[in-house]
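**Student:** just coords:
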């Protein structure tokens, strides 16, 4: 990375982090809603652990994985809304008049998501452990959970960047949020894939990438160190990241038609 | 080679929209302040977007600081500063943080960034407010910060798109002084769009008047007004019941012009020398006059003469055009 690009990424990352930290309205819902859902699920679905083949006796250990994915979904909205606001206010045009490179803009904007993703993951893990969840993979597993959470947050963030650049509207980006929640509900969110008996639901959940993101977290929480689910989880995050960044870079070229 | 601005037959069409800029030609000399005057939707901002390389022209050519806007975009951007319509600032960042970001993105060495930022904040009178979030700034403060940001990399040419729209008269005057100083002391070429006649009059060395995407008049403010040549005389009778008779007397000396609700006005066909005849005529008719005023020709008169409409009246007519141009996607 050239010194010029490093400076640009660094400055835009700093701005993105400052913006995130100065907007409690972005941070609070991204922390509260997943924890609320965790409390509801852990309280209301704990009898599911009695099902034959359920992988753990602790439903909260099973359910805490959902918070990481749900929290990451907020990054779609936050990252996208921030960029859409820059487009709407003309701030993007201001930056376009500098020698700013597109790669620096996209990477810098994702930095805020990284920070929020890390804050969320620490909060969810702490709350889960306080509520009785366990991490079979130990302290190293906890670190891996944080890393995976941040990777997923960044990956989903690229979708927010693409949506913002394509539409230029904060409202349109926010409209994506319920769509992504459908993906979460049509996954192995509430039950392990093997225990979903409804055929169509099983089929949908088994082709839904969110299922495998959840499985990666659960492997560390319930089983210990298993290479397969982790590779799949990180692989899916990497694939979403690459696809999202490619689409966002292409949309940026269209949006920034500077000569 | 003109190191100011040179524009030849510049056109911008929007898909499903109007021809926002319709073959304009203009030239701005280095160090000159050029006022681009016109109502909303006339094509001013579209022209600025093209000259600042943010919008490719549909046809025609232009060079800015000696570089072609279509093929040498990065060189043009390095030479210009721009404060575009609506101060584009981040309400969550402070003034100082804006300066830091802008100087860094322009590649100013790390050791110089803080000094340059402080120098510009002081220049625009924002040193005291530098560490406050911009969301709490007034409109005038935002515009001044916008100007400071545009100057971060010491540009040779400055584009200001309606820099004082919505500002109170004090903030407006302060900004005018700063812009005039930039041109006079630092030799910066300024391309200023405005819909305020007095702004173009006070600041610009030369003015181009644009309407429906075409330049309808160009010259120094004095030359443009001299071209129109006819001052307006307005009389307000002491007795409001005499308004009709006053208007009838004045009508002998020229065509009717806009006046205050209680008065009557005409454009003097014989110029300023006709004023004495007007006074004598009103006196011989026995009309007692409350006030009598002679108005020199304004740029609005120029606009009226060239387009058949008053600039202020044109605002509403053009609002719809501007809206559709803004909504139209690039062709």
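**Tutor:** Good, I have the coordinates. Bear in mind the structure is a predicted one, so any value in this text is a computation, not a measurement.
**Student:** now the strands for the stretch 101-250 of chain B?
**Tutor:** Using DSSP state E, counting those that start in this stretch, the strands of the stretch 101-250 of chain B run over B:157-161, B:189-194, B:206-211, B:214-219, B:232-237.
**Student:** and the fourth one, what's its mean pLDDT?
**Tutor:** When pLDDT is averaged over strand B:214-219, the result is 92.
**Student:** on that earlier part again, so for chain A, which of the strands of the stretch 101-250 of chain B sits nearest?
**Tutor:** Closest approach to chain A among these (CB to the nearest CB): strand B:157-161, 9.3 Å. Heads up, the C-betas are built off the backbone N, CA and C, glycines and all.
**Student:** buried ones in stretch B:128-148?
**Tutor:** B:129-130, B:134, B:137, B:140-148 (16 or more other CB atoms under 10 Å in any protein chain shown).
**Student:** re the thing from before, kindly reformat the strands of the stretch 101-250 of chain B as JSON lines and extend each row with distance to chain A and mean neighbour count.
**Tutor:** Output for the strands of the stretch 101-250 of chain B, formatted as JSON lines (distance: least, CB to the nearest CB, whole Å; neighbours: other CB atoms under 10 Å in any protein chain shown):
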{"stretch": "strand B:157-161", "distance to chain A": "9", "mean neighbour count": "24"}
{"stretch": "strand B:189-194", "distance to chain A": "14", "mean neighbour count": "25"}
{"stretch": "strand B:206-211", "distance to chain A": "21", "mean neighbour count": "24"}
{"stretch": "strand B:214-219", "distance to chain A": "23", "mean neighbour count": "18"}
{"stretch": "strand B:232-237", "distance to chain A": "39", "mean neighbour count": "22"}
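**Student:** ok so, going back, which among the buried residues of stretch B:128-148 gets closest to chain A?
**Tutor:** residue B:146 (8.6 Å).
**Student:** Enumerate every residue touching that closest one.
**Tutor:** If a contact means CB atoms under 8 Å, 6 or more residues apart in numbering or on different chains, then residue B:146 has B:83, B:87, B:88, B:89, B:163 as its contacts.
**Student:** related to what we said a few turns ago, the buried residues of stretch B:128-148 in helices, which ones?
**Tutor:** Among those, DSSP state H puts B:140, B:141, B:142, B:143, B:144, B:145, B:146, B:147, B:148 in helices.
**Student:** and stretch A:100-117, is it in reach of chain B?
**Tutor:** Yes: Stretch A:100-117 lies within reach of chain B by CB under 8 Å from any CB of the partner chain, at residue A:100.
**Student:** So which bits of chain A are right by chain B?
**Tutor:** So far as CB under 8 Å from any CB goes, chain A lies against chain B at A:4, A:7-8, A:10-12, A:15, A:18-19, A:22-23, A:86, A:89-91, A:93-100, A:257-259.
**Student:** make it 7 Å
**Tutor:** A:4, A:7-8, A:11, A:15, A:18-19, A:22-23, A:89-91, A:93-100, A:257-259 (CB under 7 Å from any CB of the partner chain).
**Student:** Flag the shaky bits of the stretch 201-331 of chain B, pLDDT-wise.
**Tutor:** B:228-229, B:311-331 (pLDDT under 70).
**Student:** residue contacts, the closest residue to chain A within the stretch 101-250 of chain B?
**Tutor:** Closest approach between the stretch 101-250 of chain B and chain A, counting by CB to the nearest CB: residue B:105, at 3.9 Å. Applying CB atoms under 7 Å, 6 or more residues apart in numbering or on different chains to residue B:105 gives the contacts A:8, A:11, A:95, A:98, A:100.
**Student:** Output those as TSV; include the columns neighbour count.
**Tutor:** Shown next, in TSV, are those (neighbours: other CB atoms under 10 Å in any protein chain shown):
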residue	neighbour count
A:8	26
A:11	21
A:95	20
A:98	20
A:100	23
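**Student:** What count of nearby residues applies to residue A:126?
**Tutor:** By the criterion of other CB atoms under 10 Å in any protein chain shown, residue A:126 has 11 neighbours.
**Student:** err, residue B:199, not the other one
**Tutor:** The burial count for residue B:199: 23, using other CB under 10 Å.
**Student:** I'd assumed residue B:162 was in contact with it.
**Tutor:** No: using CB atoms under 7 Å, residue B:199 is not in contact with residue B:162; the gap is 9.0 Å.
**Student:** what's residue 210 in contact with, if anything?
**Tutor:** With no chain named, the answer covers chain A. A:69, A:183, A:184, A:187 are the contacts of residue A:210 under CB under 7 Å, 6+ apart.
**Student:** if you could check chain B rather than the one you did, that'd help
**Tutor:** Taking CB under 7 Å, 6+ apart, one finds B:36, B:38, B:42, B:43, B:44 in contact with residue B:210.
**Student:** beta partners for it?
**Tutor:** Beta-bridge partners recorded for residue B:210 (DSSP bridges): residue B:215.
**Student:** Now do it against residue A:93, distance only.
**Tutor:** Remark: distance between residue B:210 and residue A:93 (CB to CB, to the nearest Å) = 21 Å.
**Student:** Ok, residue A:208 next?
**Tutor:** Residue A:208 is 39 Å from residue A:93, by CB to CB.
**Student:** Flag the shaky bits of the stretch 51-200 of chain B, pLDDT-wise.
**Tutor:** For the stretch 51-200 of chain B, no range has pLDDT under 70.
**Student:** Any residues of it in contact with chain A? List them.
**Tutor:** B:52-56, B:69-70, B:73-74, B:77, B:82, B:84, B:86, B:88, B:90, B:92-93, B:101, B:104-107.
**Student:** Grab the most central residue of chain A for me.
**Tutor:** Geometric centre of chain A, nearest residue: residue A:72, 2.2 Å, by CA atoms, centre = their mean.
**Student:** Next up, identify which helix or strand that one is on.
**Tutor:** helix A:59-89 (DSSP states H and E).
**Student:** Please identify which of the contacts of residue B:146 is nearest to chain A.
**Tutor:** Nearest member of the contacts of residue B:146 to chain A, counting by CB to the nearest CB, is residue B:88, at 3.4 Å.
**Student:** now the closest one, what's its secondary structure?
**Tutor:** coil (DSSP: H, G, I helix; E, B strand; the rest coil).
**Student:** Give me the nearest residue to residue A:16, chain neighbours excluded.
**Tutor:** residue A:112 (3.3 Å; CB to CB, 6 or more residues apart in numbering or on different chains).
**Student:** what's near enough to touch that neighbour?
**Tutor:** A:16, A:17, A:19, A:20, A:79, A:82.
**Student:** And the helices in the chain?
**Tutor:** Picking chain A for this. Going by DSSP H, chain A shows helices at A:3-21, A:24-44, A:59-89, A:91-96, A:102-130, A:138-167, A:170-185, A:199-207, A:209-218, A:227-255.
**Student:** wrong chain, I was asking about chain B
**Tutor:** Using DSSP H, helices in chain B cover B:44-51, B:73-79, B:95-105, B:110-123, B:139-150, B:169-186, B:197-203, B:221-228, B:243-250, B:275-284, B:299-307, B:311-327.
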